[in-house]
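Trainee: Give me a 3D structure for the following:
(one chain, ligands or ions: 1)
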Amino acid sequence: MVSDSLVSISELNFSYDERAILKGINMEVPRGQLVAIMGNSGCGKTTLLRLIGGQLKPTSGTLLVDGQSVPDMNHKALYAMRRRMGMLFQFGALFTDISVFENVAYLMREHTDLTEEMICDMVLMKLNAVGLRGAHALMPSELSGGMARRVALARAIALDPMLIMYDEPFAGLDPISMGVIGQLIRRLNDALGATSLLVTHDVQEALQIVDYVYFVSDGQIVARGTPDEIRASKEPFVHQFVYGEADGPVHFHYPSAPFTEALLRERADG
Ligand SMILES: Nc1ncnc2c1ncn2[C@@H]1O[C@H](COP(=O)(O)OP(=O)(O)OP(=O)(O)O)[C@@H](O)[C@H]1O
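Mentor: Residues are numbered from 1 along each chain as shown. I've put the predicted structure just below:
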C-alpha cells in the first residue's frame, strides 16, 4: 500500500556524542504538500533535513521516505534515493567556474545517460521554469543574488525529484527576490507533482506559500498547524515567532548567571 505521507517520522531522537539535538520528533509530510519547519537558530532544523537525506543516522526512532527506512538503507539504496531528492542548502552556492547552463547540466551528466541534445533541452526547460532561460550562458559572477538563487533552484529540480528540501532559501535576499523565490518554490512543487520541505526563519514569507508548519524548539516540536491556525495561535512561542517579538519564551540573551551575581563572582575571582 502506498502511504499518503512521503516522509513519515516517529519518535526520532538524534544526539551528537552525549548532546541530545532532536528529542522525540513526530512528523508527517503528505505527498504533494509544501511543509515548513521553523524555529530559532540552533534548534535542530538542518539536522532534521540531514537525517532525512541520510547524511546522519538517528540514535533511535523511525524515519521513512516513500515507505523505506532511510537509516536502514545500504550505500547503494541511499545513493539511489538521494538521486530522487533535490536539495537547496543555505546560500545554495553555484560552481563559480562554469556557466549557468553547466551548473544545471552537471547533475544530469553525473546521474543519467541522457544524450547531449536531451540534456540541452532539459536544462533550458528547467531554466525556463525559473525565468532564466535567457541567462544560460552567463557565469555565476554575472548574476544578482536573486538570480543566483533561482539557478540553484533550477539545479535542485534538475532530476525531477520526488522530494525537494530547502534550507533557508531566502537567506540574504531582498524582499522582492524573497517573494519571487517563495512563489517559485510553491509553483515548482505543484508543477512537478513533488513534495517539499522548507526550513526557514522567514515566517511571513513561509506562511504565504506553505500548506502546513511545524515549529521546533530545543529539538522538540512545540506547535504545528496550517498557516491560518499558526497566525491565530495563542501559543506564546508561536506568537513570539510569528510577530517577531524580541523577548518571550525564546530569550534574547544567551543563558547566563544574573548580571550582579556574575559581576560579584568576577570581582571575587579577580
Ligand atoms: N557536526 C556537529 N557536531 C556537534 N554539534 C553540532 C554539529 N552540527 C550541528 N551541531 C549542533 O546541533 C544543534 C542543531 O544544529 P542545526 O544546524 O540543526 O540547527 P538549525 O536549527 O538548523 O540552526 P540555524 O537556523 O542556525 O541553521 C546546534 O546546537 C549545533 O551547534
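Trainee: And the helices in this structure?
Mentor: 45-52, 75-82, 100-111, 116-129, 145-156, 175-192, 203-209, 227-232, 236-242, 259-269 (DSSP state H).
Trainee: Of all those helices, which one is nearest the ligand?
Mentor: With CB to the nearest ligand atom as the criterion, the ligand lies closest to helix 45-52 of these, at 3.2 Å. Bear in mind the C-beta positions are built from the backbone N, C-alpha and C, glycine included.
Trainee: The closest one packs against which elements?
Mentor: Using 3 or more CB pairs under 8 Å, 6 or more residues apart in numbering; DSSP states H and E, the elements in contact with helix 45-52 are strand 5-16, strand 19-30, strand 34-39, strand 60-65, strand 163-167, strand 195-199.
Trainee: what angle sits between that helix and strand 19-30?
Mentor: Angle, helix 45-52 to strand 19-30, by axes from the mean of the first three to the mean of the last three CA atoms, to 10 degrees: 70 degrees.
Trainee: Contacts for helix 45-52, please.
Mentor: 7, 9, 12, 14, 21-22, 25, 37-39, 56-58, 63, 65, 70, 87, 90, 163, 165, 167, 197, 199, 216 (CB atoms under 8 Å, 6 or more residues apart in numbering).
Trainee: when you scan it, is anything in it near the ligand?
Mentor: Yes - contact check for helix 45-52 against the ligand, using CB under 6 Å from any ligand atom: residues in range are 45-47.
Trainee: Write out the residues of the stretch 1-150 of the chain neighbouring the ligand.
Mentor: Residues of the stretch 1-150 of the chain lying near the ligand (CB under 6 Å from any ligand atom): 16, 21, 39, 41-47.
Trainee: and these, which two are the farthest apart?
Mentor: Pairwise distances across these peak at 17.4 Å for 16 and 39 (criterion: CB to CB).
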